[in-house]
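*Asks:* below are the sequence and a predicted model; questions follow.
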Amino acid sequence: MHKARPGMCGHVCIDTLVHKSGCLSFLNRMFTEHPDTKSYFTHFKGMDSAEEMKQSDQVRGHGKKVFGAINDMVQHLDNSEAFLGILTPLGKKHASQLKIDPKNFRIICDIILQLMEEKFGGDCKASFEKVTNEICTHLNNIYKEEGW
């Protein structure tokens, strides 16, 4: 793990981002800008408008799950074992069971970084970029181990 990291800033930014933007703006942006990502979610496929997605408890629930996992990872950046204890099962499940293309994790991280820059400015984004790079690097390694 990197010693130079956003520390509490990352945790605070993620928490605040969820409250200010909501999990929905993140998923709405992902599904709008990258419509192919909806294909992995059978229960989201029929939702064609941002308004439908905003009203969906399933979309909201998945957004909270994503932000919750990222928040957990941020809290454990100083503890490699705990960090990987969160990330490894998530990566393995998405690689082997759900068959999610690993490029989608970079899409997710890039959208979160865009939202952070919009809400908090470039410093927060730059700080959190280290976290997203760490997450994506480890996920790519997990995917390689799973045969991708």
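*Replies:* That came through, no problem. Numbering: from 1, shown residues only.
*Asks:* name the helix or strand of this protein that has the lowest mean pLDDT.
*Replies:* helix 8-33 (a mean of 68; mean pLDDT, DSSP states H and E).
*Asks:* I'd guessed E146 sits against L90; true?
*Replies:* No - counting by C-beta atoms under 8 Å, E146 stays clear of L90, with 12.0 Å between them. For glycine as for every other residue, the C-beta is placed from the backbone atoms N, C-alpha and C.
*Asks:* tell me which of those two has more neighbours.
*Replies:* L90 (19 against 15; other C-beta atoms under 10 Å).
*Asks:* contact partners for the more buried one?
*Replies:* A69 (C-beta atoms under 8 Å, 6 or more residues apart in numbering).
*Asks:* which element is it on?
*Replies:* L90 is located in helix 80-92, with elements delineated by DSSP states H and E.
*Asks:* what mean pLDDT does that helix get?
*Replies:* For helix 80-92, the per-residue pLDDT values average out at 97.
*Asks:* then stretch 113-127?
*Replies:* 87.
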